[in-house]
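Asks: Sequence and predicted model, in that order:
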Amino acid sequence: ADLELLNERLESESQLREKIKEQVLELDKKSRVMLGHLNKVHSIPSSEVPNLLASVRPVLESTHSIHQTVSQLVPAHQFWRWKDMWTNGLRSFVFVAAFVQFLTDGTLLSLADTTAQLGIKDEWKDRFALPVEDYLHGLITLVNELSRLAVNSVTLGNFEEPLKISAFVKDIFSGFTMLNLKNDLLRRRFDSLKYDVKKIEEIVYDVSL
Amino acid sequence: ADLELLNERLESESQLREKIKEQVLELDKKSRVMLGHLNKVHSIPSSEVPNLLASVRPVLESTHSIHQTVSQLVPAHQFWRWKDMWTNGLRSFVFVAAFVQFLTDGTLLSLADTTAQLGIKDEWKDRFALPVEDYLHGLITLVNELSRLAVNSVTLGNFEEPLKISAFVKDIFSGFTMLNLKNDLLRRRFDSLKYDVKKIEEIVYDVSL
Amino acid sequence: ADLELLNERLESESQLREKIKEQVLELDKKSRVMLGHLNKVHSIPSSEVPNLLASVRPVLESTHSIHQTVSQLVPAHQFWRWKDMWTNGLRSFVFVAAFVQFLTDGTLLSLADTTAQLGIKDEWKDRFALPVEDYLHGLITLVNELSRLAVNSVTLGNFEEPLKISAFVKDIFSGFTMLNLKNDLLRRRFDSLKYDVKKIEEIVYDVSL
Amino acid sequence: ADLELLNERLESESQLREKIKEQVLELDKKSRVMLGHLNKVHSIPSSEVPNLLASVRPVLESTHSIHQTVSQLVPAHQFWRWKDMWTNGLRSFVFVAAFVQFLTDGTLLSLADTTAQLGIKDEWKDRFALPVEDYLHGLITLVNELSRLAVNSVTLGNFEEPLKISAFVKDIFSGFTMLNLKNDLLRRRFDSLKYDVKKIEEIVYDVSL
Amino acid sequence: ASIFDAFRAEIDDHNDRRERLIKASRDITNISKKTIFLLHRIALSPPRDGDAESPEVSASKKGRANLVQVRDMYAKLKDDIAGDRFWRYEGQVSPGLQEYIEALSFAHFLEHGTLITSEDVQRTLLGDDGQPASRLIFPLTVSDYLLGISDLTGELMRYAISSLSQRGGRTKAMSTLAFVRMCKGDFDGFTPQIRNLSKKQSVTTQSMKKIEDAVYAIVV
Amino acid sequence: ASIFDAFRAEIDDHNDRRERLIKASRDITNISKKTIFLLHRIALSPPRDGDAESPEVSASKKGRANLVQVRDMYAKLKDDIAGDRFWRYEGQVSPGLQEYIEALSFAHFLEHGTLITSEDVQRTLLGDDGQPASRLIFPLTVSDYLLGISDLTGELMRYAISSLSQRGGRTKAMSTLAFVRMCKGDFDGFTPQIRNLSKKQSVTTQSMKKIEDAVYAIVV
């Protein structure tokens, strides 16, 4: 009788896993669509960037309702149990939001603003939230991408962009320097940021000659 | 400013981790003490078992206050975030409690009774609980140990014990057969139970000749 | 346009996969139920075996309609494309059918009869069939189980059973030795059969004393 | 009794480890602060460098008392037993001290002077010292950083700096080539120095045009 | 034990067929690799006065002529991979097939500057009579097509960077870069469904960045 | 670059010393392994009439005589491992040292049936004058002691199972089993502090179960 009860619990967990997985697949699709759009930023003139961003923003907004659905599926207090299922998607949304913001006005999107842009509500916090760590992962992806953008904007004849990128990235880098990171993936990704910073500085050097 | 805030959060998480770790070290000590005691069951006559169990029970009870401390350290809703830190200890407590129960009266300790014996309160459930999975892990360890006990009790001239063990283990095994297990560690450990069951049956066979 | 076409193909394949998976979950449940029943054969007197088999047969028959559903889902000539999804279940059905047959009249169920007992029609052959390899896997599982049964039947006082098992298993074993198996799972499982055969021989020796 | 003795030894070692760890965390904080400050050297005019160095020097000096504390914690003749705990911090202090010296007067800080600047006393030598290996690691980090500085100083319009850096780095590089390094981390890091030297030469070439 | 006699024949047949297909796959891989080498060599050779066609077009023609051998090999094996057998031995057939697709798509790119369609690839795998669908030697899976093309991007990286040292190389490199970017973008959507594609996409991304860096170095 | 001259000498010294110690560790490992083989052989040989001592005691004596070579090697190396240097080269010294402890503790067990104390092990590692503490060639770490003894349990498993086929083997096996159980129980408490001990404890557990199964097989 005890084992039957346990089996019911295992069954309902496995059903819940399936339901969350469905939502996660949706989120992954949206993530790929946005990354596909943003990838074009490397080959278009800066005049076309606003249109590009205009095509990304509604997709980003469309994640809100899925986040809400997930927040309703996750049982109370079980955010940390299930979060691994959507962590990758969430980190790429942070990247997308922060990249869009940078391309829009050159500023850094704060954690609070990112949370808002992803439509994540504070009252879901025991079921769905944006942890600091994932926000930081998204920013590192942004720096990786910006070092590529610095290269390609010069190729397209835009010599101003690397300067803007360099200043922006230096701020993020010096912010990270102050953080007391554990010896984990985030730490290793931060260590590799140096190469991006250096590469961007070399590009600024090249265009300054 | 945003990054400073983030750093504070990272710092406080790392302090919390240290504090929980201290408690986990205590739990691990108790676990080793009890396993050390119970290990003697393989080399003593059955008449001495009650004394042995009497020395284990107070240690098991002494875990209650540590569980309580951990339950107070873990922030609300974050059980699943931190549980990996003490999972191993918890599983060995399940084993200890279930082994003590078997040695006492030959019955199987239910999940609810195990939870009670470990002093885990239902009202902590978003901070400290005994998940089904860990209970099942403990039972598998019990079966592993009982196949060893079957061997050694025969060596000590106790030919009744294997019969008792065989019946008990068969019930657990057929219970597990009904469970819809994911393809994970628990599943693999269950698959290996067959060998224990078979070994115990062969011992029963040997003593029945 | 080409890529869209590819995408449509993948989508329809993935829908098909979902549909087959649903059926496979049903098959797995039936498999668990039958294995659960048959497990009792190790602890009941032989007089109760017919009743036990009577409870298994209808479940085995109930797989026919699922096999039919799967055979209708799989596109023409694509049996080998999808079969990995249900191989485990199918092998355990072979074991169940062959075990039931052995317990009924002590004979070996042929490949053709197994196919019939599982309700697999010859006209489905490019969509659903019972390959030799899976039939052989089922037989190996049967031998594993019979070495266990030999032990337990003696314990229950049935000294005839090991003799019956021994003769039966020797035939299967010598059949296997004729096969030129590659270095794959089937080969490794066959290599391990030696231990079962030896174990059964020892039991026959013990009871002949 | 012997085992109890061993346990006491382990306990006291583990307490010592905890105490040293506390100090190491302090050293890591100081390291992060100084690296954070020095990072600004890449984006400020050379006239502001003296102020920057003035903010770093007191932090560097504040490590003396921590080094002293560590030297008192470590038992006689056990320097190499514990040094892994603070090696990373120590190497980064070597880098900081040597970088500050270079920025101050363009000279290379010797091993003896580095030892003095870190407040490491000769009489501690069997408990706390600066091994050659760690000094050399610090110098390699310095060269890595100087190739970055060469790039950024040109961007800021300072065309003298690369010449100064180039001469300085060549001396260090030719010093390293005299060493018979084993195939370890130091060797691999030295091998990568070639790229920095080459990069700096290209910059000198560019500015000489 | 007589029932095992029949099993024995079937198992031996299976093992023999498996061996034949593994060997054929190795041969096809070799032909494809040699063809790719040939494509690089001819396409990057300087155009000579009086040549009616560009080096790329002539590379492509020679390459495709070379690859007819592969089709012939498949035609010879057709009993071993007909119908359901293709799916049974997919694991043995795929490696060579993907190399073939890589070579074929490279030849196609050199002549047309576009991505060869899966239909075009399938069309090179018809039976002797050249009739459509019903005469397929075997069906081309989406997975083999995409994974074969994914390998192409690494070759295109080498091709683009080599061509940068030639006259007109920058234009060539830019159009190759555009093509690689398109592959990267178009294939991203397939990563969840196609096993191993995601690893190959990372390689494609690396190749793309290498071309970008090389083009950048020419610009500044 | 003159400052690098001094570094050069120091680095060369370090590399040479490291090599010397690695070589010595290998030699010590060989001597220890041979000694263990000798211990098995003599201890399991049938006692002969008229022998003053049991095979175990005579094995132990010969084994310990053999192991004096190891002490002599350490004494010869003492400058390379004196004081703080021991800690610098611990990684090179440990492997041989642990094998030595395994052999020494086996010899001790055969004669006394008990666990050799860490003090007794340390006593075999004194300088020439045989004076205590101040004359240690190097300090014995808790880790080397425990890891060396942990390896012993595998040898004891082989010893116990071999002896079961001899007269009086069951008693011998039972007392060996009791000893292995004691090692297992006593060392469990050290697993969190000693790296790699937990892996060796699993091996000890396996050895213990093998002896238990072997004894069981004799009983039924």
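Replies: Yes, it's here.
Asks: Which strands or helices does the one helix or strand A:Glu145 maps to pack on?
Replies: Assigned by DSSP states H and E, A:Glu145 belongs to helix A:132-155. Applying 3 or more Cβ pairs under 8 Å, 6 or more residues apart in numbering or on different chains; DSSP states H and E, one finds that helix A:132-155 makes contact with helix A:87-105, helix A:111-117, helix A:161-177, helix A:185-208, helix B:2-39, helix E:197-219. Backbone N, C-alpha and C define where each C-beta goes, glycine included.
Asks: repeat that for 10 Å
Replies: Contacts of helix A:132-155 with other secondary structure elements, assessed using 3 or more Cβ pairs under 10 Å, 6 or more residues apart in numbering or on different chains; DSSP states H and E, are made with helix A:2-39, helix A:87-105, helix A:111-117, helix A:161-177, helix A:185-208, helix B:2-39, helix E:169-188, helix E:197-219.
Asks: Quickly compare those and say which is most buried.
Replies: The densest packing among the helices and strands packed on helix A:132-155, expressed as mean neighbour count by mean count of other Cβ atoms under 10 Å in any protein chain shown, is seen in helix A:87-105 with a mean of 21.
Asks: Check the gap between the residue nearest to A:Leu130 when sequence neighbours are not counted and chain D for me.
Replies: Setting aside the residues directly before and after it, A:Leu130 is nearest to A:Thr115 in space (Cβ to Cβ, 6 or more residues apart in numbering or on different chains), at 4.8 Å. When distance is defined by Cβ to the nearest Cβ, to the nearest Å, A:Thr115 is 27 Å away from chain D.
Asks: Around E:Arg20, count how many other residues there are.
Replies: Neighbouring residues of E:Arg20 were enumerated by other Cβ atoms under 10 Å in any protein chain shown; the total is 14.
Asks: Skipping adjacent residues, who's closest to it in space?
Replies: E:Asp80 (6.1 Å).
Asks: And E:Val57, by the same measure?
Replies: Distance criterion Cβ to Cβ, 6+ apart; nearest residue to E:Val57, sequence neighbours excluded, is E:Glu111 at 5.3 Å.
Asks: quick one: pLDDT of that neighbour?
Replies: Note for E:Glu111: predicted pLDDT of 96.
Asks: residues in contact with the residue nearest to E:Arg20?
Replies: When contacts are counted by Cβ atoms under 10 Å, 6 or more residues apart in numbering or on different chains, E:Asp80 is found next to E:16-18, E:20-21, E:24, E:74, E:86, E:88-89, E:92-93, E:138.
Asks: how about 7 Å then?
Replies: Shown in contact with E:Asp80 (Cβ atoms under 7 Å, 6 or more residues apart in numbering or on different chains): E:Arg17, E:Arg20, E:Leu21.
Asks: element containing it, please.
Replies: Applying DSSP H and E, one finds E:Asp80 within helix E:78-81.
Asks: Averaged pLDDT, that helix. What do you get?
Replies: With pLDDT averaged residue by residue, helix E:78-81 scores 92.
Asks: okay, it in PDB with CA atoms only?
Replies: What follows is helix E:78-81 as a C-alpha-only set of coordinates in PDB (Å, rounded to 0.1, in the frame of the first residue of the first chain):
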ATOM      1  CA  LYS E  78      21.300  -2.100 -53.800                       C
ATOM      2  CA  ASP E  79      20.100  -5.500 -52.500                       C
ATOM      3  CA  ASP E  80      21.900  -4.900 -49.200                       C
ATOM      4  CA  ILE E  81      20.100  -1.600 -48.600                       C
END
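Asks: Buried residues in it, which are they?
Replies: Residues E:Lys78, E:Asp80, E:Ile81 are the ones in helix E:78-81 that count as buried (16 or more other Cβ atoms under 10 Å in any protein chain shown).
Asks: With stretch A:60-76 instead?
Replies: Of the residues in stretch A:60-76, those buried by neighbour count under the rule 16+ other Cβ under 10 Å are A:Leu60, A:Thr63, A:Ile66, A:His67, A:Gln68, A:Thr69, A:Val70, A:Ser71, A:Leu73, A:Val74.
Asks: just the CA coordinates of that stretch, formatted as CSV?
Replies: Written as CSV, here are the backbone C-alpha positions of stretch A:60-76 (Å, rounded to 0.1, in the frame of the first residue of the first chain):
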residue,chain,number,x,y,z
LEU,A,60,10.6,38.2,-26.5
GLU,A,61,7.3,39.4,-25.2
SER,A,62,5.6,36.2,-26.3
THR,A,63,7.7,34.3,-23.8
HIS,A,64,5.8,35.9,-20.9
SER,A,65,2.8,33.7,-21.3
ILE,A,66,4.9,30.6,-21.4
HIS,A,67,6.9,31.6,-18.4
GLN,A,68,3.5,32.1,-16.7
THR,A,69,2.4,28.7,-17.7
VAL,A,70,5.6,27.1,-16.3
SER,A,71,5.2,29.1,-13.1
GLN,A,72,1.7,27.5,-12.8
LEU,A,73,2.9,24.0,-13.5
VAL,A,74,5.7,24.1,-11.0
PRO,A,75,4.4,23.1,-7.5
ALA,A,76,4.8,25.6,-4.7
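Asks: List the contacts of that stretch.
Replies: For stretch A:60-76, contacts defined as Cβ under 7 Å, 6+ apart pick out A:16, A:19-20, A:23, A:26-27, A:30, A:34, A:82, A:86, A:93, A:96-97, A:117-120, A:124, A:126-128.
Asks: so which of those residues are also by chain B?
Replies: Among these, the ones lying near chain B by Cβ under 7 Å from any Cβ of the partner chain are A:Asp126.
Asks: can you list the domain ranges for chain E.
Replies: Here the domain assignment for chain E is E:1-140, E:152-220, based on automatic domain parsing.
Asks: List the contacts of A:Lys121.
Replies: With contacts defined as Cβ under 7 Å, 6+ apart, A:Lys121 has no neighbours.
Asks: and the gap between it and A:Gln101?
Replies: Distance of A:Lys121 to A:Gln101, computed by Cβ to Cβ, to the nearest Å: 20 Å.
Asks: now the helix or strand E:Leu110 falls within and helix E:169-188, what's the angle there?
Replies: In the assignment (DSSP H and E), E:Leu110 maps to helix E:90-112. Between the axis of helix E:90-112 and that of helix E:169-188 there is an angle of 140 degrees, by axes from the mean of the first three to the mean of the last three Cα atoms, to 10 degrees.
Asks: Pull helix E:90-112 out as CSV, backbone CA atoms only.
Replies: Coordinates of the C-alpha atoms in helix E:90-112 are reproduced here as CSV (Å, rounded to 0.1, in the frame of the first residue of the first chain):
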residue,chain,number,x,y,z
GLU,E,90,21.7,2.9,-41.5
GLY,E,91,24.6,3.1,-38.9
GLN,E,92,26.9,1.4,-41.4
VAL,E,93,25.8,3.4,-44.4
SER,E,94,25.6,6.9,-42.9
PRO,E,95,29.3,7.8,-42.4
GLY,E,96,30.2,7.3,-46.1
LEU,E,97,27.0,8.9,-47.3
GLN,E,98,27.6,12.0,-45.3
GLU,E,99,31.1,12.4,-46.7
TYR,E,100,29.6,11.9,-50.2
ILE,E,101,27.0,14.7,-49.5
GLU,E,102,29.8,17.0,-48.3
ALA,E,103,31.8,16.5,-51.5
LEU,E,104,28.7,16.8,-53.7
SER,E,105,27.5,20.0,-52.0
PHE,E,106,31.0,21.5,-52.3
ALA,E,107,31.0,20.8,-56.0
HIS,E,108,27.5,22.3,-56.3
PHE,E,109,28.5,25.4,-54.3
LEU,E,110,31.5,26.0,-56.5
GLU,E,111,29.4,26.1,-59.7
HIS,E,112,26.2,27.7,-58.4
